[in-house]
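**Student:** A structural model of the following input is requested.
(chains A and B)
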Amino acid sequence: MNRVIGITSTIPSEVIYAAGYKLCDLNNLYIKSRLPMDYYEKAEIAGFPGTYCGWIKGLYSAALDNDIRTVIAVTEGDCSNTHALMELYTYENVNTIPFAYPFIHDREHISFEISSLMKRFNVVKVDLDIVREKFYKIRQLLHKFDENTYSESKISGKENHIWLISSSDFNGNPDKFYTNLKTRINEIDKKTSIYNDYIRLGYAGVPPIFTDFYETVENLGGHIVFNELQRQFAMPSYQKDIVSQYLDYTYPYSIFLRIEDIKTEIKKRKIKGLIHYVQSFCYRTLEDVILRKELNIPILTIEGDKPEKTGVRTRIRIEAFIEMLRKL
Amino acid sequence: MKAGIDIGSRSIKIYFEINGDPIRKKIDTISFFKNYLSSDNDMLKIENNDLFNGYHPDEIIATGYGKLATNIKTTKTISEIIAHAVGAMESTGEKNFILVDIGGQDTKVIKISDCNVVDFQMNNKCAAGSGRYIENMAQILGLSINDISSRVKNPIRIDSTCTTFGESEVLGKFFEDNSIENIAAGINEAVARRLIPMIRKYNSNTIFVSGGVANNSAVISFLSTGLSLDVKRIDFPDFNGAYGCYKYE
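**Tutor:** Model (predicted):
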């Protein structure tokens, strides 16, 4: 087996690193590539319909183009298209391993999933705990970075997004990730605040597919001080055992768990408005209905399709939203 | 002297006052860019003084789709949502209401509470049911905008308000031997029907309509019937954004 294992979404990465493999989050590989639109188009050439999720298209092409021979696919709690994506990978001779965040949110079910993964990679608890300890330190540092984003107004929404989202695979090298993050935090400590006059915004939903989303918001006077799911990727809740940790992880479970988390953070971070991003053709779009009813804060819902720049129409709406919040 | 400009997809609307008298001007967008602007160090500058009746405004507030392209030094730009909200509040004197603005490509539904915009909806990727849809359908039926705007009786059910695909549905209705008048009424009803869920979301009894499509009395009538409310048209509805810019402080 090739030492790099692709993932379609976050999984208990501790298990894979404890087994001596490297992880590669295919979402990051796709969107951080020089020309993500190429991946998107390659999937369409392969036959993916136009009316299909832009992330799934990229995941498909990114794995094939980069010779990823094994992919752990999250079959529950993430994208509803993953089953078919696994079949397409299998057809292209990519080995697939399923992992599920069970709809029934309890210890028994998630424990079974993690144990199966450990068994699959021959990982024992002692080795897992060593990696967990190491990851705990990295995540502590990420939380400090995240806290600084909303408390000091020095860190851009984009940089917050990038560091947090990269914790799904630690860029394939957790040690280097830790060192780089530590250096960056020291650099930022010396800076002065730059976002004091910006409107404090939260971002909820899956990561944006737009290639310049954070820059656009910032240019229009918004400072994103809360990236909901990205923060979850960095496991804000530390628990003594891995099962509890992945039970506390809100992203793959019900919207109601996420809403509780968002409510707490809105208050803590003094957020004036929330941007809810939905991906075209994604089932999560429906969750917008509940989010709007449950959160007592102005919400702008925006929708992205392809890995391209934030279009004029979306830009106009973000501009109006920030202006509206400024007047409120 | 101050002026408000709304740079829309189909036309530019200008509002200013001379000795307290309101002046409203409407110019085709392409013609505005061709005849009234000149390039000045990567910026565009209003050259033609006729635009402001020979006056030189020292403050120009702009909004609309093309506002960023104007790049005029003295221009402050504001978002369309705010411009339309201010325009409607100023011209109606109301503090709590829903504003429906139907322009050439845009449809906006804005909720105003205690003089603040508290929420809005705006079409994103698709111009279905906008002014351009009505224009295209009128052209297919060989009607003028004025002709189509008065048709309210016996509407034929039309489902697609897509500016492009709507064409085949309208042609289909025509081949089914429906009268042009009834199809025209169906087009107006379809535009109103598309808006009703967006308006209902906000649960308000005071609804105003602005934008070029507000001049279509059939759409207003279908909105009133569908919502069981007296939906009102803003005075000079196509100038609401420009007026809002003028009144913006």
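**Student:** got a pLDDT number for residue A:286?
**Tutor:** pLDDT, residue A:286: 93.
**Student:** Counting neighbours, what do you get for it?
**Tutor:** By other Cβ atoms under 10 Å in any protein chain shown, 10 other residues sit near residue A:286. Every residue, glycine included, has its C-beta placed from N, CA and C.
**Student:** show me what contacts it?
**Tutor:** By Cβ atoms under 8 Å, 6 or more residues apart in numbering or on different chains, no residues touch residue A:286.
**Student:** Let me know the secondary structure of it.
**Tutor:** helix (DSSP: H, G, I helix; E, B strand; the rest coil).
**Student:** give me the element residue B:15 is part of.
**Tutor:** Remark: residue B:15 resides in strand B:11-18, with elements defined by DSSP states H and E.
**Student:** packing partners for that strand?
**Tutor:** strand B:2-7, strand B:21-28, helix B:29-35, helix B:240-247 (3 or more Cβ pairs under 8 Å, 6 or more residues apart in numbering or on different chains; DSSP states H and E).
**Student:** For the residue in chain A positioned nearest to chain B, what are phi and psi?
**Tutor:** Chain A approaches chain B most closely through residue A:320 (3.7 Å), counting by Cβ to the nearest Cβ. Here is the backbone geometry of residue A:320 (degrees, to the nearest 10): phi -60, psi -40.
**Student:** Pull the contacting residues for it.
**Tutor:** Contacts of residue A:320 by Cβ under 8 Å, 6+ apart are B:79, B:80, B:81, B:82, B:117, B:120, B:122.
**Student:** and the last one, how many neighbours does it have?
**Tutor:** A count of neighbours around residue B:122, defined by other Cβ under 10 Å, yields 20.
**Student:** Can you give me the distance of it to chain A?
**Tutor:** Residue B:122 sits 5 Å away from chain A, going by Cβ to the nearest Cβ, to the nearest Å.
**Student:** same check, this time on the third one
**Tutor:** Distance, residue B:81 to chain A, using Cβ to the nearest Cβ: 4 Å.
**Student:** Need the phi and psi values for the spatially most central residue of chain B.
**Tutor:** For chain B, the residue nearest the mean C-alpha position is residue B:211 (2.2 Å; Cα atoms, centre = their mean). Here is the backbone geometry of residue B:211 (degrees, to the nearest 10): phi 90, psi 170.
**Student:** can you tell me which helix or strand residue A:6 belongs to?
**Tutor:** strand A:4-7.
**Student:** what's the weakest-modelled helix or strand in chain B?
**Tutor:** Every helix and strand of chain B was ranked by mean pLDDT, DSSP states H and E. The lowest is helix B:67-70, at a mean of 62.
**Student:** which regions of chain A lie under the pLDDT threshold?
**Tutor:** A:1-2 (pLDDT under 70).
**Student:** which bits of it sit near chain B?
**Tutor:** Proximity of chain A to chain B, by Cβ under 8 Å from any Cβ of the partner chain, involves residues A:298, A:302-303, A:305, A:311-314, A:316-317, A:319-321, A:323-324, A:327-328.
**Student:** Just the buried residues out of those residues, in PyMOL syntax.
**Tutor:** Buried residues within the residues of chain A next to chain B, by 16 or more other Cβ atoms under 10 Å in any protein chain shown, are selected in PyMOL with:
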select buried, chain A and resi 298+302+303+305+311+313+314+316+317+319+320+321+323+324
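**Student:** sec struct for residue 108, please.
**Tutor:** Assuming you mean chain A. From three-state DSSP, the assignment for residue A:108 is helix.
**Student:** meant chain B actually
**Tutor:** strand.
**Student:** Neighbours of it, how many?
**Tutor:** Residues near residue B:108, counting by other Cβ under 10 Å: 24.
**Student:** cool, and the one 5 residues further on?
**Tutor:** Residues contacting residue B:113 under the criterion other Cβ under 10 Å number 14.
**Student:** and what of the one 10 residues further on?
**Tutor:** Using other Cβ under 10 Å as the criterion, residue B:123 is surrounded by 20 other residues.
**Student:** so what's it up against?
**Tutor:** A:313, B:105, B:106, B:107, B:108, B:130.
**Student:** go again using 10 Å as the cut-off
**Tutor:** Each residue near residue B:123 by Cβ atoms under 10 Å, 6 or more residues apart in numbering or on different chains is listed here: A:313, A:317, B:102-103, B:105-109, B:129-130, B:194, B:198.
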